[in-house]
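> here is my input, please return the structure:
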Amino acid sequence: MRDAVISLGPEDCASDVARGANLAALRRLREDTGTRFLDIPAFHAATVTPDPVFDLLHDARRDPADAADPDALSTAELMNDARQAWTFFERFSVAATGLCIDTADVRDGEEWLQREMTMWDIGSLVAAVMAAHDLGLIDDSAFVARCARIVEALPVARIGGLRLPAEVISPDSGAALSGDFNACDTGRLLSVLGDLDRHPLTRGIAEPKIAGWDLAGVVIGGHVHSVVNGRFVDRFRSHCAHYTARAFRGRGIDAASPYEVMGEGPQTDRDMRLLEALAGLDPLGAEPLLLEAVEMGLSEPTALLAEVLSFAQRRDHERTGTLYCVSEAPINRAPWFSYQGLNVASATERWVVNAASADPRFNTPSFREETLLVNTKAAYLWAAARPGAYATMLVRHVRDRARLDGMGFSPGVFVATGQGMPGYADVNTNGIMLAAIAFILRGRRLRQG
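Numbers count the residues shown, from 1 in each chain. So this is what the prediction gives:
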C-alpha cells in the first residue's frame, strides 16, 4: 500500500491543455480499483489514531477565554450568599468543642445529623470561620475563641506506630471514631491551618498541635501514605496528591506529586505529559484543584488543568445546553457521596460520576444521569478562580435553587431535574463557599499574614 499526496498549483490549471491533462490523469487514478481519493482532513482521520487528550488540549488552546461578564454578582449579592452559608455554622456548630455537624438532613419534621468529622471537614470549618471574620460576620474575639476551641479539639492518636490525626472524630467530644489516618484529608487541614497560623490574630495557634503529629513518618519514598487497618497505603495516584504534597511542603516535609511530570521541551509537549499522567486517576473535578487557587495560588500544573476543565465545561454547555460544573459532593440518597469530574482520556464519555460504593447499582448510566450535579461550591470556586460569564451563570443557577432557609446551601442542583436537595446541607459546601466569596471580595488575592 502506498499513500500519495497530489498537489495542483496555478500553472497546472493555467490552460485548457493543462487542465485537460490533469483531469485525465485524475480520472485514470479514480478508475483504478486500488485507488481511493481522500482530501487532507479525511486522510488524517483514516490514518491517524484518534487522541482525545491531544484533541482536548488543542481545542482548549484554540478556544477564546471566557466571555466578558456584564452580569457578575455584586458585593451585596455575594454578602447575602455569605450570610446564608454562615447560617449552617450558626445552627450546627457544637459550642463545647467548636466543631460542627458534618451533614444535616432536615425534612418532614425530622432531623438527621451526621455526627462525624473528617480532617477535610475540619479544614472547611476553619476556612469558614476565617472567611466569616474577613467578611465581618463575626468579630475578633469570636474569631479567636472559635479557632482556639477547634485547634484544641484536633486529635492526636497512635496510628501505625505514629502520632497522627485520626481520620474521623466526633464533633461533640473530639474523640477519635476511627483508627485510620487519611493523607488527603490531612493535606486539606494542613493547608488551612497554615493560613490560620499566619493570621495576625491567631499567629502560631496551631503550631504546637501540628508539631505533635509525626507527619514525616507517612512520607515513604517521597509518596504521602494513608494508614488503613494499621497498614501504610500509597495515595500518590490521586488528584489529591499534588495538593497534599504542597501542604506537606509548607511544613518543610518534602513530598512528590503525580502532576510534576512536565519537564523540559516545547510547551505543548510539556502539557501533554501532564494530561497523559492523569490516566488511571479519578475524574478531574474542581476540588482540590481550585482550592489551591484560593489557599495557595495555582501552580503551573494546576493552572493548566483548571484551563482544560473550564474549557471542557463551557464547550459542552455550548454544544448541548447542559450546565457542567463537576466536583465531589454528598448526595441525599444512597450511596450518599459521589466523585464527579472530567475524563480527559475519553472523547465519548467525558463526564464521570463515581459512587463511593462498589455496589453495581451505582455503576449504571441511569444512576449517573440521575445524580450528575451542578456543584454548588464548585460554582463559587470557579467565580473566584476563573471569573467570567460561564462562572457567573453557574453561580446564578445554584444560588437560588440550592438555598435552604436557616441552614445554608445544599451541595448542588441535579442536572436531570434542575432541583436542589431540600433540607440537605453539609459543612464542606458552605465552608468552601464562604472561603471563595471572601477570596473574591479581597480582590482575588491570597490572605496576607
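
> quick one: low-confidence ranges for the protein?
Applying pLDDT under 70 to the chain flags the ranges 1, 449.

> tell me where the stretch 201-350 of the chain has strands.
Listed in chain order, the strands of the stretch 201-350 of the chain (DSSP state E, counting those that start in this stretch) span 219-220, 223-228, 231-234, 328-330, 337-342.

> what's the answer for the stretch 1-150 of the chain, then?
Along the stretch 1-150 of the chain, counting by DSSP E, counting those that start in this stretch, strands occupy 103-107, 110-114, 117-118.

> now the first one against strand 110-114, angle please.
Between the direction of strand 103-107 and that of strand 110-114, the angle (axes from the mean of the first three to the mean of the last three CA atoms, to 10 degrees) works out to 170 degrees.

> could you export strand 103-107 as PDB, CA atoms only?
What follows is strand 103-107, C-alpha atoms only, in PDB (Å, rounded to 0.1, in the frame of the first residue of the first chain):
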ATOM      1  CA  THR A 103     -24.100  16.800  57.100                       C
ATOM      2  CA  ALA A 104     -27.700  17.700  58.100                       C
ATOM      3  CA  ASP A 105     -30.900  16.300  56.600                       C
ATOM      4  CA  VAL A 106     -33.900  18.100  57.900                       C
ATOM      5  CA  ARG A 107     -37.200  17.200  56.200                       C
END
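
> distance from the chain centre to it, please.
24 Å (CA atoms, centre = their mean, to the nearest Å).

> excluding sequence neighbours, find me the nearest residue to A68.
Excluding its sequence neighbours, the residue lying closest to A68 (CB to CB, 6 or more residues apart in numbering) is A389, at 6.7 Å. In this view, the C-beta of every residue, glycine as well, is placed from N, C-alpha and C.

> any idea how far the one you found is from A67?
4 Å (CB to CB, to the nearest Å).

> and what of A436?
Note on A436: its distance to A67, by CB to CB, is 21 Å.

> ditto for L201
L201 sits 40 Å away from A67, going by CB to CB.

> same question for D3.
The gap separating D3 from A67 is 42 Å, by CB to CB.

> looking at those two, which is more packed in?
Counted by other CB atoms under 10 Å, D3 and A67 do not tie: A67 has more neighbours, with 11 against 8.

> have a look at the chain and report its longest helix.
Longest helix in the chain, counting residues (DSSP state H): helix 300-320.

> just the C-alphas of that one, formatted as PDB.
This file holds the C-alpha atoms of helix 300-320, laid out as PDB (Å, rounded to 0.1, in the frame of the first residue of the first chain):
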ATOM      1  CA  GLU A 300       1.900  25.600  36.700                       C
ATOM      2  CA  PRO A 301       0.300  22.100  36.500                       C
ATOM      3  CA  THR A 302      -2.900  23.100  38.200                       C
ATOM      4  CA  ALA A 303      -3.200  26.300  36.100                       C
ATOM      5  CA  LEU A 304      -3.200  24.100  33.000                       C
ATOM      6  CA  LEU A 305      -5.700  21.600  34.500                       C
ATOM      7  CA  ALA A 306      -8.000  24.500  35.500                       C
ATOM      8  CA  GLU A 307      -7.800  25.800  32.000                       C
ATOM      9  CA  VAL A 308      -8.700  22.500  30.400                       C
ATOM     10  CA  LEU A 309     -11.500  21.700  32.800                       C
ATOM     11  CA  SER A 310     -13.000  25.200  32.500                       C
ATOM     12  CA  PHE A 311     -12.900  24.900  28.700                       C
ATOM     13  CA  ALA A 312     -14.500  21.400  28.600                       C
ATOM     14  CA  GLN A 313     -17.400  22.500  30.800                       C
ATOM     15  CA  ARG A 314     -18.000  25.600  28.700                       C
ATOM     16  CA  ARG A 315     -17.600  23.800  25.400                       C
ATOM     17  CA  ASP A 316     -20.100  21.000  26.300                       C
ATOM     18  CA  HIS A 317     -22.600  23.600  27.600                       C
ATOM     19  CA  GLU A 318     -22.400  25.400  24.300                       C
ATOM     20  CA  ARG A 319     -22.900  22.100  22.400                       C
ATOM     21  CA  THR A 320     -25.700  20.600  24.500                       C
END
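
> looking at it, F248 is touching G187, isn't it?
Yes: using CB atoms under 8 Å, F248 is in contact with G187, at 6.7 Å.

> how much space separates L57 from R314?
Distance of L57 to R314, computed by CB to CB: 15 Å.
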